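Enquirer: Build the 3D model from these lines:
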Amino acid sequence: MKLEQRLAPILQQKLILTPQLRQALHMLQLPLMELRTLIETELVENPLLEEEPPKSEGPLSEEKPSSLEELEKLSSNKEWEERLSTFSHSIQIEKEEKRAFAESSLRENLSLQDHLLWQLKLSATTPEEEKVGEAIIGNIDANGYLKATTTELSQFMAVDEKKVIDTLNLIQEFEPTGVGARDLKECLLIQLKFLGKETSLAAQLVQDYLPELEKKKWQEIASRLHLPLPKIKDEIHFISTLEPKPGRKFSSFAPQTIIPDVIVKKVGNDYQAFLNSDYTPRLRLNRQYKNILQQSKNASTREFVVKKLQAAHWIIKNIAQRQQTIIKVAEEIVKYQREFIENGIEYLRPCTLDQIAEKVNLNKSTVSRAISAKYMDTPRGLFAFKIFFSKGFASDTLASKTIKANIETLIENEDILHPLRDEKIREKLLEKGMRIARRTVTKYREALRILPSHLRKK
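Expert: Residues are numbered from 1 along each chain as shown. Here you go, the predicted model:
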């Protein structure tokens, strides 16, 4: 091998998470009310930021922020006031409608158990599954952890332990992500799986090195895995953004309000998604600091103001990016699930993160963050974004209800002299895009307490 070849640098592609990118990802994943809290904190800590007074009428400005370089140039320029005082990043929804919705969204004493039971009602495919699910949820503590073993629950319910495990797996798909875990490791792995990172280095660290992580033996982990320490630290930072106690944001002692990020309205013959901007303060740069930058000769003062200016720019930009990403994903969901919104649950279509990610030209993990802990108010009710996604009808939690509703409709309209066999029902469901096995049709028909075709014949 030539010397030049041996000395040639090894080029590797590596995603560097800058503080600004970390902030953007964090803000994208935040629920609406937590975002509001973060913004209010920034308003206190950064004097360059101020809340824009609400406008009485007319749409909000959609002017895009300037680049960071342009902001730096303006820090000693007379164009400061004109160029930097009009940042805004949201759309306007009629105030009366939003106020009415907020009032109707109030869930008195909404506990974690209430929230999980609500999702169970939407998800259970049989009365037995619902009964087992209720027992599991009853043994989940305030932090979101299951405090009973599947063996104990099986004995208590007098059902097969596999049924308990299957139902627990269903509940572990509920919001908040990570709920129903039996320990911290499982809680973190559930969240990583939802983010599409079940085979990532972060998952490996949680699976195999959690005790070492807790004791901060990072160099030891790096040595064992033959990886550079900065790489391990990047993954540890990512793991630290996960929620170790997914149930703690719920309280059984205080009212909780579910505020949707998106409101779906019918406009003409179409359904459109609108950002719920009532709970996101509109930010702009404080124009009073223009004089400080223009007149101050103190280097430390100017440095402080420029630093705060950059921070203010990034938070405005990241909020705008968050809103654009959420509305982009929401619009595609509304378009894809139009039949459900128009006609009801039997028209809910199977959908995956990959499908939506491809349509909106975003990374799957970005879409996952965009739907995390977000809600959509539709003409069919208030739903978590997550409920619209499934890998397919056979494993879906809500779409199983769609199949059963379709089976009921087909049987209600069948020829009583020639009732539909399960295979024929399967074929008709396939025509509607529902690809399931005949035995699955039989399973759902029996769950609906509908007799087989030869016993329905008259």
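Enquirer: only C-alpha atoms for contact and neighbour calcs from this point on.
Expert: OK.
Enquirer: Other residues contacting stretch 143-151?
Expert: Stretch 143-151 has contacts (CA atoms under 8 Å, 6 or more residues apart in numbering) with 112, 136-137, 139-141, 161, 164-165, 178-183, 245-248.
Enquirer: Just the buried ones from these, in ChimeraX syntax?
Expert: To isolate the buried ones among the contacts of stretch 143-151 in ChimeraX, judged by 16 or more other CA atoms under 10 Å, type:
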select :112,136,137,139,140,141,161,164,165,178,179,180,181,182,245,246,247
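Enquirer: and the contacts of stretch 143-151, which of them are in strands?
Expert: Using DSSP state E, no member of those falls in strands.
Enquirer: and the contacts of stretch 143-151, which of them are in helices?
Expert: In helices, judged by DSSP state H, the following of these are found: L112, I136, I137, E161, V164, I165.
Enquirer: wait, what's in contact with S372?
Expert: Neighbouring residues of S372 by CA under 8 Å, 6+ apart: Q29, L30, P31, F385, K386.
Enquirer: Could you do E332 as well?
Expert: Here E332 is in contact with I356, K359, V360 (criterion: CA under 8 Å, 6+ apart).
Enquirer: mind listing what's buried in the helix or strand encompassing N406?
Expert: Remark: N406 resides in helix 399-412, with elements defined by DSSP states H and E. The neighbour-count check on helix 399-412 (16+ other CA under 10 Å) flags A399, S400, K401, T402, I403, K404, A405, N406, I407, E408, L410, I411 as buried.
Enquirer: got the contacts of S372 as a markdown table, with distance to T280 columns?
Expert: Below are the contacts of S372 laid out as a markdown table (distance: CA to CA, whole Å):
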| residue | distance to T280 |
| --- | --- |
| Q29 | 15 |
| L30 | 12 |
| P31 | 11 |
| F385 | 19 |
| K386 | 22 |
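Enquirer: residue contacts, P419?
Expert: Applying CA under 8 Å, 6+ apart to P419 gives the contacts I411, S453, H454, R456, K457.
Enquirer: Kindly apply the preceding question to A202 instead.
Expert: A202 neighbours (CA under 8 Å, 6+ apart): L192, E235, I236, F238, I239.
Enquirer: roughly how far apart are the nearest residue to L112 once chain neighbours are set aside and E152?
Expert: Distances taken as CA to CA, 6 or more residues apart in numbering put F250 closest to L112, at 5.5 Å, once the chain neighbours are dropped. From F250 across to E152, the span is 26 Å (CA to CA, to the nearest Å).
Enquirer: what about I259, which SS state?
Expert: Recorded secondary structure, I259: coil (DSSP: H, G, I helix; E, B strand; the rest coil).
Enquirer: tell me the phi and psi of A273?
Expert: Here is the backbone geometry of A273 (degrees, to the nearest 10): phi -100, psi 130.
Enquirer: which element is the closest residue in space to it that isn't next to it in sequence on?
Expert: Distances taken as CA to CA, 6+ apart put V264 closest to A273, at 4.5 Å, once the chain neighbours are dropped. Following DSSP H and E, the helix or strand that holds V264 is strand 262-267.
Enquirer: buried set for that strand?
Expert: Neighbour-count burial for strand 262-267 [16+ other CA under 10 Å]: V262, I263, V264.
Enquirer: Same check on stretch 21-28?
Expert: Within stretch 21-28, the residues that count as buried by 16+ other CA under 10 Å are A24, L25, M27, L28.
Enquirer: Distance of the second one relative to I315?
Expert: Separation of L25 from I315 (CA to CA) stands at 12 Å.
Enquirer: ends of stretch 450-458, how far apart?
Expert: 15 Å.
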